[in-house]
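Q: Turn this into a model:
(one chain, ligands or ions: 2)
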Amino acid sequence: MFNIIKSLYWELLSYFVPEKISYEITGQCKKCGKCCNYMYSFDTYTEKEFKFMQFLYPAYKRFYIKGKDEFGNFIFACKYVTKEGLCSVYDKRLAMCKRYPAPRIHYPADLHEGCGYTVHKKLFKDYLKKE
Ligand code: SF4
Ligand code: SF4
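A: Ligands and ions are numbered 1, 2, ... in the order given. Predicted coordinates for the structure are as follows:
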């Protein structure tokens with residue numbers, strides 16, 4: 001429980017850091033459903049913390065713990081993804097689903113193998129070009 005409070009505190013602080021990591025996103029969705037079936041949370045380490053997160057954000061009740069990876073990290077899935085890998089509540093999907101894959105995030109981007117999108121990390125010289 002202490003870990004999740006600490007994570008929420010860090011998350012809150014992170015909003016006051018002006019720079020996020022920026023990526024250029026190319027490609028398009030192949031509708032494989034992997035991103036709805038295999039998700040990670042950087043802030044959830046135990047089932048108790050997961051329940052607490054769902055208590056804080058009721059919209060996350062759509063997610064359930066599917067298992068763990070080889071490192072012991074939880075893998076989550078959404079109960080609204082169909083067997084075909086499509087979203088059954090497309091018009092009511094979460095903002096984070098609409099933004100995925102987000103071009104500006106707090107954490108290093110990593111997509112599922114075979115995802116139709118590609119993330120290109122912006123290099124220092126790319127920032128210089130824009131300024
Ligand atoms: S993993 Fe990539 S290609 Fe597959 S559904 Fe998600 S965004 Fe689309
Ligand atoms: S709400 Fe839809 S798009 Fe979002 S995770 Fe669930 S199935 Fe995927």
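
Q: ok, Asn73 - contacts?
A: Taking C-beta atoms under 8 Å, 6 or more residues apart in numbering, we find Asn73 in contact with Tyr40. Every residue, glycine included, has its C-beta placed from N, CA and C.

Q: ok, now how distant is it from Glu113?
A: Asn73 sits 17 Å away from Glu113, going by C-beta to C-beta, to the nearest Å.

Q: Please apply the same query to Ser7.
A: In terms of C-beta to C-beta, Ser7 sits 27 Å off from Glu113.

Q: When these two are compared, which one has more neighbours?
A: The residue with more neighbours, out of Ser7 and Glu113, is Ser7; 17 against 7, by other C-beta atoms under 10 Å.

Q: can I assume that one sits in a helix?
A: Yes. Counting by DSSP: H, G, I helix; E, B strand; the rest coil, one finds Ser7 located in a helix.

Q: For the chain, which segments count as strands?
A: In the chain, the strands defined using DSSP state E lie at 21-27, 63-68, 74-78, 104-105, 117-121.

Q: Out of these, flag the one nearest Tyr90.
A: Across the strands of the chain, Tyr90 has its closest neighbour in strand 74-78 (12.0 Å, C-beta to C-beta).
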